[in-house]
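**Student:** Fold the following for me, if possible:
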Amino acid sequence: MNGKRARRKATGGGKDRPLTEYHRKRDFSRTAEPSGGAAGRGGEPRFVVQIHDASRMHFDFRLEADGVLKSWAVPKGPSTDPSDKRLAMPTEDHPLDYRDFEGVIAEGEYGAGSVIIWDEGTYRPDPGGGRAGDEPVPVAESLRRGHLSFRLNGAKLRGGYALTRFRDGDAAGRGEAWLLVKRGEGGAARERARGGTPDPTRARSTRTGRTVGQVAADGRPE
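**Tutor:** Next up, the predicted model:
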């Protein structure tokens with residue numbers, strides 16, 4: 001979610017031009033954000049979690065699928081505690097190279113504020129989902145159905161997670177809402193002891209070690 005002007009858009013639907021909304025909201029002569037064009041890196045799909053100090057501080061959770069980053073704003077951030085159910089509001093698809101964005105979005109631009117890469121890595125959709133055999137259901141199809149189970153392999157987030165839609169939106173996706181939940185596994189007690197989610201004002205970038213405040217002070221991407 002990139003500030004007060006965000007317009008929700010249904011996540012996982014087939015779009016002829018999935019980045020149209022992303023481009024419409026941004027002036028790339030003023031914002032340091034990528035305009036898109038990067039190709040996938042091959043291998044397992046990637047995920048990124050960014051902390052965004054916009055009009056309201058929040059976490060952005062992004063999964064690579066169909067050549068874009070499917071994105072949700074998670075106000076309280078992903079948790080390592082299986083008892084936490086985190087609200088996740090879908091936002092517009094982002095280009096793949098947004099996974100490398102850490103810096104400051106200029107004042108007056110959509111989502112103005114500082115951004116850090118809090119966690120990143122690869123993910124693997126779980127097999128099943130109603131098809132015969134052990135092949136995973138394509139991520140976009142799982143999202144259209146309203147449920148995606150997957151395993152994260154990040155620096156900070158690891159293990160099974162699930163995204164589940166609990167409220168449909170209108171034709172434009174406004175009002176759509178999901179839950180992001182850590183699946184209970186053998187180490188659930190240890191995960192609860194870790195405290196769930198860090199304070200976003202003190203959390204540090206997995207790439208540069210900076211906080212959102214330090215990125216804002218630097219005033220430039222790195």
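
**Student:** Just the buried residues of stretch 171-182, please?
**Tutor:** Using 16 or more other Cβ atoms under 10 Å as the test for burial, stretch 171-182 gives 173, 176, 178-182. Just so you know, the C-beta spots here come from the backbone N, C-alpha and C atoms, and that holds for glycine as well.

**Student:** Using CSV, list the CA coordinates for it.
**Tutor:** What follows is stretch 171-182, C-alpha atoms only, in CSV (Å, rounded to 0.1, in the frame of the first residue of the first chain):
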residue,chain,number,x,y,z
ALA,A,171,-15.3,-5.3,-9.9
ALA,A,172,-12.2,-3.1,-9.4
GLY,A,173,-11.0,-5.1,-6.4
ARG,A,174,-11.9,-2.3,-3.9
GLY,A,175,-12.7,-3.8,-0.5
GLU,A,176,-10.9,-7.1,-1.1
ALA,A,177,-9.1,-8.5,1.9
TRP,A,178,-6.9,-11.4,2.8
LEU,A,179,-5.2,-13.0,5.8
LEU,A,180,-1.5,-13.9,5.9
VAL,A,181,-0.8,-16.6,8.4
LYS,A,182,2.2,-18.6,9.4
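
**Student:** Which helix or strand in this protein has the lowest average pLDDT?
**Tutor:** helix 188-193 (a mean of 52; mean pLDDT, DSSP states H and E).

**Student:** Do a quick rundown of the strands in this protein.
**Tutor:** Here the chain has its strands, by DSSP state E, at 46-53, 57-65, 68-74, 85-94, 103-105, 113-125, 147-154, 158-167, 177-182.

**Student:** Mind listing the residues bridging to the residue nearest to the spatial centre of the chain?
**Tutor:** The centroid of the chain falls nearest to residue 61 when counting by Cα atoms, centre = their mean (1.6 Å). Counting by DSSP bridges, residue 61 is bridged to residue 49, residue 72.
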